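K.L.:
Coordinates for the following, if possible.
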Amino acid sequence: MQRRIFIVRHAQAEPGTAQRKDELRALTSDGERMSQELGKFLNRKNSNLNLILTSPAVRAFKTATNIATELKTAAEIRIEKDIYSENLLNIFQLLTSVPDNYEEVMIVGHYPAIVELHNYLAHNLKLTSMTTAEMAVLHFDSRWFELTAGAATHEFLFHPSHLPA
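P.N.:
Below you'll find the model as predicted:
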């Protein structure tokens, strides 16, 4: 069975300040719009996104909920603190522990860990960066627990700004 992984960098957030903890940074109005557009794009692609794993940071969680709200299918959202810690192997282990009933899974996280995750999984393309609200889509043909480094194929990279006005 073919499975898909959507790797998303959180949408644009307010700048950090000394008075506000990094985890509490909210999305800007542009970030709100872009994250909603990601969900609409997935609908047009007839995505069967079942599960969204997100960092607990407000900007990542709000990106995840905005995407989920726009989907035709109900996607379960799970907050995973390991995504905020940005440890590649911990994030990878989250994927390998996904139950087999999930076909499409999204990770909403932070740079640079999401680029590292993409490059760890994809055998055919290595990224150097991802902008906010950008999504990389990969697929592989095994069970989640069998996922290994280099086992996935990069399908495409998408950003809502690529849509016609």
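K.L.:
and the lengthiest helix in the chain, what other elements does it pack with?
P.N.:
Secondary structure assigned by DSSP state H gives helix 29-44 as the longest helix of the chain. In terms of contacts (3 or more Cβ pairs under 8 Å, 6 or more residues apart in numbering; DSSP states H and E), helix 29-44 is packed against helix 58-70. For glycine as for every other residue, the C-beta is placed from the backbone atoms N, C-alpha and C.
K.L.:
Measure how far the helix it packs on is from the centre of its chain, please.
P.N.:
10 Å (Cα atoms, centre = their mean, to the nearest Å).
K.L.:
which other helices and strands contact it?
P.N.:
strand 3-9, helix 29-44, strand 49-54, strand 76-79, strand 104-109.
K.L.:
Now tell me what touches the longest helix of the chain from outside.
P.N.:
Helix 29-44 is contacted from outside by 6, 8, 10-13, 27, 49, 59, 62-63, 66-72, 132-133, 135, 158-161, 163, using Cβ atoms under 8 Å, 6 or more residues apart in numbering.
K.L.:
Buried residues, that helix. List them.
P.N.:
31, 32, 34, 35, 36, 37, 38, 39, 41, 42 (16 or more other Cβ atoms under 10 Å).
K.L.:
Check stretch 63-76 too.
P.N.:
Result for stretch 63-76 [16+ other Cβ under 10 Å]: buried residues 63, 64, 65, 66, 67, 68, 70, 71, 75.
K.L.:
Nearest spatial neighbour of the second one, chain-adjacent residues omitted?
P.N.:
Which is residue 64. By the measure of Cβ to Cβ, 6 or more residues apart in numbering, the closest residue to residue 64 outside its immediate chain neighbours is residue 54, 3.9 Å from it.
K.L.:
I am finished for the moment; much appreciated.
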